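Novice: Sequence plus the predicted model coming up.
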Amino acid sequence: MTTNVGILGATGAVGQRLIQLLDPHPEFEITALTASESSAGEDYRDAAKWRIDTPIPDYVAEMEVRATDPTYVPNDVDLLFSSLPSSVGEAVEPKFAEEGYVLSSNSSNFRTDEDVPLTIPEVNADHLDLIEVQRDERGWDGAIVKNPNCSTITMVPPLAALEEAFGLERVDVSTLQAVSGAGYDGVTSMEIIDNAIPHIGGEEEKMETESQKLLGSFDGAAIEWHDVDVSASCNRIPTLDGHLENVWADTSDDVTPAGAAEALREYPSIDLYSSPDQLIRVFEEPDRPQPRLDRNYDNGMGIATGGLKETTHGINFNCLAHNTLRGAAGASILNGELLLESGYI
């Protein structure tokens, strides 16, 4: 038996990735699509400018796009995946939760709210139980669960492995982020070809705060954020997909490259459909991982690491993940699988 799901913001870049990933999913069936008022009433094939390298599923192409309002979403939808712009999500996601819908959202709004779970299932699945606090405080029958920013989600699983083995004191990160992370209209070719842009608005703050929340501990009532000091510098480069990040981690205990590599390799995955068997791959080659070669590790849902070097106070390493798969649509679906497994839908 499959679970009926809907997609809020289905015509955008992440919405299209959600359709691509959900079409063959054994646990979920797409039964509702929403977009802006200008697209409402159209067939999906007419409303969306499809840019994914696989065809629109026939049944999806023929589905009518609905307005993004609880009034127009069928009651038999059990789970909503939200890929709305944050300004829209901030306004409408609570309305859906009030009406009893459970949302697994990629939108950046509410990520750091004290009663909203921000989860990477392999890292902090227990934070999902913050839903109970959220429902009590807000009087909702539904719930909102968030996945992190695409750059945060690349770095945090390796950091979680290092924290567990050696403790974390400070993290510095410099990112080399793909243009797809800005959306189809985010960066023009004239801006990015033969260039790099050393600023991505709001990205650094997201990495610095979301990491502390994700690495924090949940006591059943609230999350105690991790006190690790995180400093980020975010850069846009002319790769299509795959965020590459250079990370310097100061650890509480002494660490060697060999010890860090062992901790990364042995960090456990989780028994969910979309999670890799081995979450973190460690390359021995000094010039890996690379976006073009390694972004699709384990269907784009794995984290690739390499370049481990000992520093004065810890370890330096590189990490890479596919930003629209593991970092966006795939992350939301993985949270949806966790919601289903945990009995929240």
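Specialist: Cool, got the structure.

Novice: what's near enough to touch the closest residue to N195 other than its chain neighbours?
Specialist: Nearest residue to N195, sequence neighbours excluded (Cβ to Cβ, 6 or more residues apart in numbering): P238, at 6.9 Å. All C-beta spots, glycine's among them, are computed from the backbone N, C-alpha and C. The contact partners of P238, by Cβ atoms under 8 Å, 6 or more residues apart in numbering, come to 179, 192-196.

Novice: Look at P238 and give its secondary structure.
Specialist: Following DSSP: H, G, I helix; E, B strand; the rest coil, P238 is assigned to coil.

Novice: R111 - nearest residue in space that isn't next to it in sequence?
Specialist: R111 sits nearest to K146 (Cβ to Cβ, 6+ apart), 4.7 Å away.

Novice: Show me what that neighbour is bridged to.
Specialist: On the basis of DSSP bridges, K146 is bridged to S105, L118.

Novice: Contact partners for it?
Specialist: K146 touches 105-107, 110-111, 116-119, 335, counting by Cβ under 8 Å, 6+ apart.

Novice: quick one on the thing from earlier: among the contacts of P238, which pair sits farthest apart?
Specialist: Greatest spacing in the contacts of P238, by Cβ to Cβ: V179 and D194 (13.2 Å).

Novice: buried ones in the helix or strand bottoming out on mean pLDDT in the chain?
Specialist: The element with the least model confidence among the helices and strands of the chain, by mean pLDDT, DSSP states H and E, is helix 189-192, at a mean of 94. By 16 or more other Cβ atoms under 10 Å, the buried positions in helix 189-192 come out as I192.

Novice: Show me the contact partners of it.
Specialist: Identification of contacts with helix 189-192 by Cβ under 8 Å, 6+ apart yields 179, 197, 236-238.

Novice: helix or strand for A232, which one?
Specialist: strand 229-236 (DSSP states H and E).

Novice: what's the longest helix in this structure?
Specialist: helix 150-166 (DSSP state H).

Novice: packing partners for the helix or strand following it?
Specialist: Where DSSP H and E defines the elements, the next helix or strand beyond helix 150-166 is strand 168-177. Applying 3 or more Cβ pairs under 8 Å, 6 or more residues apart in numbering; DSSP states H and E, we find strand 168-177 packed against helix 150-166, helix 203-214, strand 229-236, strand 243-251.
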